[in-house]
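>>> Quick one: sequence plus predicted model below, questions after.
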Amino acid sequence: MSAWNLTGTASQAPAKGEDALSVSQAVELAANALDALPMLTVIGEVTGFRGPNARSGHCYFQIKDDAAAVDCIVWRGTYAKRSFDLRDGMEVQFTGSFNLYKPTGRMSFVARSFTLAGEGLLRQQVAALAEKLRREGLMDEARKRPIPAFCTRVAVVTSLSGAVIDDVKRTLRRRNPLVELVCVGAKVQGEGAPAELIEGLARAASLEPAPDCILLVRGGGSFEDLMTFNDEALARAVASCPVPVVTGIGHEPDQSICDMVSDRRCSTPTAAAESVAPAIGDLIDLLHARERRLAAATSSLVRGASGGVGALFARLEGAMGARLSQERRVLDGLGDRGCLRSPGYIVERRRSEVAQTADRFERAVDRSQERFAGALEGMPRRFRAATARLAAFGHGLELSDARLRTAGEGISEARRRDLGARAAKLDALSPLKVLARGYAIAYGDAGVQVSAHAFAPGDALRVRFADGEVSGTVDTVSDRGLSARGDEEER
């Protein structure tokens with residue numbers, strides 16, 4: 001057996017008893033051999049990930065494939081420069097070298113850098129695209145349009161050869177057969193699938209009449225199978241579609257970029273169909289509930305309006321009653337005036353006032369004459385001349401009284417003649433005077449009637465004459481009698 005020195009080169013065979021190495025020598029030899037290996041790039045699946053360590057910040061785990069596994073270390077400085085977090089199950093490409101920890105003799109692969117490989121790389125690309133579209137606002141909830149609670153016309157864009165379209169049809173028939181379904185076929189996987197789906201969305205949106213929403217669905221599959229729905233052009237077509245888009249892609253854990261930018265995301269194609277077609281039983285219950293609410297609201301509104309109308313009617317009735325009472329008092333006051341009750345009232349009152357004034361004047365003159373006569377009997381001679389003058393003054397007063405009486409009677413006579421003429425005119429225009437000449441006034445239910453056509457056979461009739469009234473019922477209505485009387489008068 002040949003021996004190796006610590007530098008890794010062959011040496012002369014040791015002496016007998018010296019051909020065995022110590023553990024530290026063997027470990028040193030292996031460490032030197034690992035250090036001599038060049039930098040390696042290794043692809044493997046991460047398993048048993050632990051880190052970053054709370055104290056040191058390093059990460060410890062294993063990378064493996066179907067046949068082998070090796071411990072792996074990522075130092076804190078290297079992990080701080082990462083573009084993604086490591087986790088179990090990820091396929092990662094590591095670049096680094098092997099290292100042997102001498103105290104335990106454990107070999108590890110120390111990674112100087114790492115990147116995603118395979119599906120991991122795809123996921124990283126999808127995450128980057130999702131972040132780009134998110135910054136542009138395509139995933140904002142404020143941009144997304146509401147889906148009608150009850151869609152009557154639905155377009156579905158998917159493969160027409162798979163089981164998905166049958167599931168959608170069966171779900172819509174079961175929940176609500178009134179929903180009209182329009183199917184637009186397109187590839188959902190493979191080369192050219194995004195372009196076909198974009199064209200399918202455009203065809204569905206241009207349907208006449210336009211659908212209430214579009215279902216973009218496909219069944220489950222691997223991450224690579226669903227990459228069609230992570231296409232940027234397809235995602236932008238979903239976001240800009242003029243008709244709201246509902247997606248149901250894959251299964252519950254799957255989420256694509258199309259799901260993120262759509263107006264509603266459902267976990268499966270069946271769930272998407274259920275979300276746009278509420279069960280017909282639920283709709284019936286909802287209609288009944290709304291009918292009851294509408295009836296209750298209408299009844300409450302009518303009751304409130306009825307109370308308001310009643311209050312307004314009461315106010316109107318009170319106001320009209322007060323106004324009529326006021327007008328009645330005014331009319332009664334006017335009717336109580338003496339000039340209206342008796343046209344000669346004013347003349348009589350003036351005559352009475354003049355008579356009273358003349359009587360008071362005569363009594364005053366008589367009293368004055370008596371006083372003067374009594375005074376003359378006891379007056380000295382020198383005052384008799386003054387008494388004579390007073391007598392002359394009294395005579396003048398008598399003459400003035402006579403003239404005043406004559407002038408008053410002349411003034412009163414002119415007013416009396418004018419009042420008589422006006423009373424005669426008023427009497428000539430009085431309805432009672434017309435009735436005295438043989439005419440009559442006909443009354444119906446609505447008051448005074450001036451036309452025969454205001455009555456109909458069977459109507460109540462009341463006729464007023466100068467000396468009373470006659471009531472009866474109309475038998476016939478005709479204008480021929482009036483014409484005949486007019487002809488007879490002309491003859």
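Perfect, thanks for sending it.

>>> helix, strand or coil for residue 113?
Assigned with DSSP: H, G, I helix; E, B strand; the rest coil, residue 113 falls in the strand class.

>>> Quick check: it vs residue 34, distance?
Residue 113 sits 19 Å away from residue 34, going by CB to CB, to the nearest Å. Every residue, glycine included, has its C-beta placed from N, CA and C.

>>> Break down the stretch 251-400 of the chain into its helices, ranges please.
Assigned helices in the stretch 251-400 of the chain, in chain order: 257-261, 269-276, 280-335, 338-341, 345-378, 384-428 (criterion: DSSP state H, counting those that start in this stretch).

>>> and among these, the most buried is which?
Among the helices of the stretch 251-400 of the chain, the stretch with the highest mean neighbour count (mean count of other CB atoms under 10 Å) is helix 257-261, at a mean of 24.

>>> now that one, how far from the chain's geometric center?
Offset of helix 257-261 from its chain centre (CA atoms, centre = their mean, to the nearest Å): 32 Å.

>>> Stretch 134-147 too?
So, by CA atoms, centre = their mean, the centroid of stretch 134-147 is 25 Å from its chain's centroid.

>>> Equivalent analysis for stretch 147-166, please.
On CA atoms, centre = their mean, the centre of stretch 147-166 falls 33 Å from the chain's centre.

>>> List the buried residues for that stretch?
The neighbour-count check on stretch 147-166 (16 or more other CB atoms under 10 Å) flags 147, 150, 151, 154, 155, 156, 157, 158, 159, 164, 165 as buried.

>>> Please tell me how far the last one sits from residue 218.
Going from residue 165 to residue 218 by CB to CB gives 10 Å.

>>> any shared contact partners between these two?
Listed as contacting both residue 165 and residue 218 by CB atoms under 8 Å, 6 or more residues apart in numbering are 158, 159.

>>> burial of residue 62, as a residue count?
Neighbourhood size, residue 62 [other CB atoms under 10 Å]: 18.

>>> isn't there a strand covering it?
Yes. Judged by three-state DSSP, residue 62 forms part of a strand.

>>> Hmm, residue 68 and it touching each other?
No. Between residue 62 and residue 68 there is no contact under CB atoms under 8 Å: 10.1 Å.

>>> Could you tell me the least trusted of the helices of the stretch 251-400 of the chain?
Per-stretch mean pLDDT for the helices of the stretch 251-400 of the chain is lowest at helix 338-341 (a mean of 64).

>>> Could you confirm residue 216 falls within a strand?
Yes. Per three-state DSSP, residue 216 lies within a strand segment.

>>> which residues touch it?
Residue 216 neighbours (CB under 8 Å, 6+ apart): 157, 158, 197, 201, 238, 245, 246, 247, 248, 249, 258, 262.

>>> for these, which one is nearest residue 299?
Using CB to CB, residue 246 comes nearest to residue 299 of these, at 39.6 Å.

>>> Could you find the closest non-adjacent residue to that closest one?
Setting aside the residues directly before and after it, residue 246 is nearest to residue 264 in space (CB to CB, 6 or more residues apart in numbering), at 4.6 Å.

>>> Not including adjacent chain positions, what is the nearest residue to residue 24?
residue 102 (7.4 Å).

>>> Residue 32 is in contact with that neighbour, correct?
No. If you go by CB under 8 Å, residue 102 and residue 32 don't touch, sitting 11.0 Å apart.

>>> circling back to that earlier point, what would the buried residues of stretch 147-166 look like in TSV with secondary structure, pLDDT and distance to residue 81?
Output for these, formatted as TSV (DSSP: H, G, I helix; E, B strand; the rest coil; pLDDT from 0 to 100; distance: CB to CB, whole Å):
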residue	secondary structure	pLDDT	distance to residue 81
147	coil	91	44
150	coil	83	54
151	coil	88	50
154	strand	94	49
155	strand	95	48
156	strand	95	46
157	strand	95	43
158	strand	93	43
159	coil	91	43
164	helix	90	43
165	helix	92	48
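
>>> Residue 95: which of these is nearest?
Of the buried residues of stretch 147-166, the one sitting nearest to residue 95 (CB to CB) turns out to be residue 159, at 41.4 Å.

>>> who touches the nearest residue to the closest one once chain neighbours are set aside in this structure?
What sits nearest to residue 159 in space, not counting adjacent residues and going by CB to CB, 6+ apart, is residue 188, at 4.8 Å. Going by CB under 8 Å, 6+ apart, residue 188 touches 158, 159, 162, 197, 218, 228.

>>> Wait, the fifth one touches residue 269, no?
Put plainly, it is residue 218. Yes. Using CB under 8 Å, residue 218 is in contact with residue 269, at 7.0 Å.

>>> who touches both of these two?
Joint contacts of residue 218 and residue 269 (CB under 8 Å, 6+ apart) are 158, 164, 249.

>>> Tabulate the contacts of residue 188 (TSV), appending distance to residue 317.
Shown next, in TSV, are the contacts of residue 188 (distance: CB to CB, whole Å):
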residue	distance to residue 317
158	73
159	78
162	78
197	75
218	75
228	80
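
>>> now, among the residues you listed, which is nearest to residue 92?
residue 228 (25.0 Å).

>>> which ones are touching the nearest residue to the closest one once chain neighbours are set aside?
Nearest non-adjacent residue to residue 228, counting by CB to CB, 6+ apart: residue 193, 4.3 Å away. Shown in contact with residue 193 (CB under 8 Å, 6+ apart): 186, 187, 228.

>>> Please repeat the previous calculation with a cut-off of 10 Å.
159, 186, 187, 218, 227, 228, 229, 231, 234 (CB atoms under 10 Å, 6 or more residues apart in numbering).

>>> distance of it from residue 265?
Residue 193 is 20 Å from residue 265, by CB to CB.

>>> Backbone dihedrals for residue 93, please?
With angles defined as degrees, to the nearest 10, residue 93 sits at phi -100, psi 120.

>>> does it have beta-bridge partners, and which?
Beta-bridge partners for residue 93, by DSSP bridges, are residue 43, residue 115.

>>> Please report how far it lies from residue 154.
For residue 93, the distance to residue 154 equals 45 Å [CB to CB].
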